[in-house]
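I'll drop the sequence and a predicted model, then ask my questions.
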Amino acid sequence: MGTEIAFVIALAVAVAAIFWLILKNASEKIVAQYRLLANELSLELDIPETKMLGFMRSEPSAYGSYRERELSFSVPGKGLQNTRQIETVLKIELGDKELKAQFTGAGLLGKFKQRDSGGQARWKSGQADFDATIDVRSNQAERLKTLLDEKALNWIASTLKKNKGSIYFGNGTLVYTELGLISNETTRKRFKQIVEFLCDLAETVEK
């Protein structure tokens, strides 16, 4: 009996150690990418302390000013719409506080990501591929036609569809969210491109 108990204890310790190593390696990869991202964009980096002997590791965040706009990267503490799907959130300052608009993927997942549709009718761009892929709601639907040219529409449709992302304008903030974490070089570089596109878009909106 004593041998069996010792075996169970040893097995539990081994499983816990493996789990700890997996968490540590995953966390280090994410922190490394955030360090690079913060350096590239000249942002402040915040790395929370680990808890429970390293079994609880909160995600890092970065914040500061880029292209004369307040900007931040963060990971909410809870999943999307109370699910277990974790999002990375990019927020960029927007001078226009009147425009409200959200772009999500069409379909069930897109509905989970809608933040402030307010019963607004779905906006159609007139491009069949875009309208079949992206669900758009806005309080200034007609204005969107002047803000988004074909290149911008194609970028939005491609980016949101491939990365299960969404874009939201509202209350002086432009927000991009994407399922998953910035844990590798490819994702980090994509977010850097997204920052540039959204800063350009913010400038267009403010004209």
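Received, thanks.

other residues contacting stretch 38-46?
34-35, 37, 60-66, 71-73, 192, 195 (CB atoms under 8 Å, 6 or more residues apart in numbering). Just so you know, the C-beta spots here come from the backbone N, C-alpha and C atoms, and that holds for glycine as well.

endpoint to endpoint, it covers what distance?
For stretch 38-46, the first and last residues are 10 Å from each other (CA to CA, to the nearest Å).

repeat that for stretch 122-142.
First-to-last distance for stretch 122-142 - CA to CA - comes to 12 Å.

helix or strand right after the helix or strand of the chain with the lowest mean pLDDT?
Lowest on mean pLDDT, DSSP states H and E among the helices and strands of the chain sits helix 108-113, with a mean of 51. The first helix or strand that comes after helix 108-113 along the chain, using DSSP states H and E, is strand 122-123.

what's that next one packed up against?
strand 134-138 (3 or more CB pairs under 8 Å, 6 or more residues apart in numbering; DSSP states H and E).

if we can go back for a sec, which of the contacts of stretch 38-46 has the weakest pLDDT?
Among these, P60 carries the weakest pLDDT, at 87.

and it, its phi and psi?
Here is the backbone geometry of P60 (degrees, to the nearest 10): phi -70, psi 170.

that one is in contact with Q33, isn't it?
No - under the criterion of CB atoms under 8 Å, P60 is not in contact with Q33, lying 9.0 Å apart.
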